[in-house]
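In: the following block contains a protein sequence and its predicted model.
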Amino acid sequence: MYPVSRSLLSIALAALLCSAAGLATTASAKQLSYAMGQPPGSISAKIGEDYAKAVKDYTNGELTVKVYPLALLNFAETSAGVRDGIADIGYLLAPYFPAEYPHSNMISEASMLLTLMGDEIHGKEGMAYMGAVSEFTFFHCPECNKEFAKQNQVYTGSTGSSPYILQCTQPVTNLEQLQGKRLRVGASNWSRWAKALGATPITMSANEMHEALSQGVVDCIVLSVPEITNFGLMDTVSDITRVVPGGIFAGTAVTNINRDTWQGLTDDERAALLHAAAITSAATPWVYHQRQEEILDQVKANGGTIHQPSEQLVEKTRAFVRDDMKTIASYYEDKYGVQDGAEMLATFRPILDKWVKLVQDVNSRQELIDLYWKEIYSKVDPTTHGM
C-alpha cells in the first residue's frame, strides 16, 4: 500500500497522545494506547472498546487501554508506529507490508482455499479461517513470530472478515464484463486473481477507497460487505456480485503490541491481554458474518443491485484457486525469500480442516470467543511468549 501523507500538526498530535499514554503508565494504573486505522463508529472500533473493557476487567483496573480509531496512526503508518512506540498496540494489516511479514502474509493469502470447500463452511468462513490462522501463528510458525519481533512487535492474535466479493460502480457479473476493470485489492492473492482473469489490480489504502470509487479511479473494490458502512461507501457502490473472488481478509494482526511495552508488563498483565485478544479475534468475523445480509438489504434499499456471478466466472475462479495453491509457495520464495512455504501450507491445511468442524456448532458471538479462548489463547504462555 502507498503511505498516506501527514501534516506536521498531525504528527505532533500523535507524539503528544503517545506521551500522554506514557505518562499514564507511571501512575498506579498503566494505560496503553491502541491505534487503529478504522474510523470511529466502525465495527472494529466498537470491538476495540470491548477489548479495552476486558483488559480493565481482567486486571481489576490495574491496566487500561485507550482506543484511538483513525486518530493516532492510519493503516499505512501502523507497522512503524507500533515498532517505534507511537502506539503501544496496533491494528496491523500485514499485507500492507509484504516485505516485512512474508510468512504471515502467505498464510493469510491462502484464504481463497475457502472457495473450494463445501457448503458446510458457508456463513462461517471467517470464523473458521481466523481460528486456524491464530492457532497456526502462535504454535506452528516461529518464522511469523520472528518477523513481528524484528519489527519490535509481539503477536497476540489475528482476526478477519466475511468473504471478499466484488463491489462496483457498474455490473460485473461475468468474465466479459471483468475484462480490463480496475479493481482495488487489499492483498496479492486477489491481485493475482484479477490479473489471471483479465482485470487490472490497483493497490491503495483502504482510507482512499471512497474517493477512488467516486472519481472513477477504480471500477470495483474487492472487499467484505460490512466495510461498506465502515468506510462510508454506500453512496458509491451500486452493484455487488456475490461469491467471487472469495476468500477473506485474514492478514489483520489485530492487537500487535510494542515489544518493549509487552516486556515491561507483569505475567498477569500479559495474560490479561491475551485473554482479551480472544475477543477481538473472534468478535470481528462473527459480527461481519451477521451483518452481511443486513447491509446488502441496505444497498438494495439505496438503489443498488445484488448479482450472482455467471457459472463461467465461478469456475474460472475455482480453477485459479487450485492453481494458486500450487504456486503460492514458489511465489513467496521467489519474491520474498520464504524457503519453507510448501511445508507451512501442508501444516496449515489440517488445522483449517479442524476449525471448519469446530465452528459448526457455534451459534453466538460469546460461544466463538469461548472457543477461541479454550482452543488457542489459554494455551499461550505469557511468561515466555514475546519475551
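Out: Great, that's in hand.
In: where does the stretch 1-150 of the chain have low pLDDT?
Out: 1-28 (pLDDT under 70).
In: cutoff 50 now
Out: The stretch 1-150 of the chain contains residues with pLDDT under 50 at 1-27.
In: can you give me the strands in it?
Out: 30-36, 63-69, 89-93 (DSSP state E, counting those that start in this stretch).
In: which of these sits most buried?
Out: strand 89-93 (a mean of 29; mean count of other CB atoms under 10 Å). (C-beta placed from N, C-alpha, C; glycine too.)
In: which neighbours in the sheet does it have, and how are they oriented?
Out: strand 30-36 (parallel), strand 252-258 (antiparallel) (DSSP bridges).
In: tell me the angle of that strand relative to strand 63-69?
Out: Per axes from the mean of the first three to the mean of the last three CA atoms, to 10 degrees, the angle that strand 89-93 makes with strand 63-69 is 40 degrees.
In: which residues are contacting strand 89-93?
Out: Strand 89-93 has contacts (CB atoms under 8 Å, 6 or more residues apart in numbering) with 1, 32-38, 44, 48, 65, 73, 75, 78-79, 81-82, 153, 186, 206, 251-258, 261.
In: quick one: the helices in the stretch 51-200 of the chain?
Out: Assigned by DSSP state H, counting those that start in this stretch, the stretch 51-200 of the chain shows helices spanning 78-83, 102-109, 125-140, 142-150, 175-178, 188-196.
In: so which of the ones you listed gets nearest residue 376?
Out: helix 125-140 (5.0 Å; CB to CB).
In: list the buried residues for the closest one?
Out: 125-138 (16 or more other CB atoms under 10 Å).
In: for residue 363, state which of these is nearest.
Out: residue 127 (11.1 Å).
In: residues in contact with the closest one?
Out: Shown in contact with residue 127 (CB under 8 Å, 6+ apart): 282, 285, 286, 289, 355, 359, 362, 368.
In: excluding its backbone neighbours, what's nearest the residue nearest the centre of the chain?
Out: Nearest to the mean C-alpha position of the chain, by CA atoms, centre = their mean, lies residue 252 at 2.9 Å. Residue nearest to residue 252 in three dimensions, not counting chain neighbours: residue 159, with 5.1 Å by CB to CB, 6 or more residues apart in numbering.
In: max-length helix in the protein?
Out: Of all segments of type helix in the chain, defined using DSSP state H, the longest is helix 267-301.
In: next, the buried residues of that helix.
Out: Applying a neighbour-count criterion of 16+ other CB under 10 Å, the buried positions in helix 267-301 are 269-289, 291-292, 295-296, 299.
In: then stretch 365-373?
Out: Quick answer for stretch 365-373 (16+ other CB under 10 Å): 365, 368, 369, 371, 372, 373.
In: the third one belongs to a helix, doesn't it?
Out: Yes. The assignment for residue 369, made by DSSP: H, G, I helix; E, B strand; the rest coil, places it in a helix.
In: pull the contacting residues for it.
Out: Applying CB under 8 Å, 6+ apart, the residues near residue 369 are 278, 279, 282, 283.
In: how about JSON lines for the residues you listed, with pLDDT and distance to residue 118 added?
Out: Shown next, in JSON lines, are these (pLDDT from 0 to 100; distance: CB to CB, whole Å):
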{"residue": "278", "pLDDT": "98", "distance to residue 118": "27"}
{"residue": "279", "pLDDT": "98", "distance to residue 118": "29"}
{"residue": "282", "pLDDT": "98", "distance to residue 118": "23"}
{"residue": "283", "pLDDT": "97", "distance to residue 118": "26"}
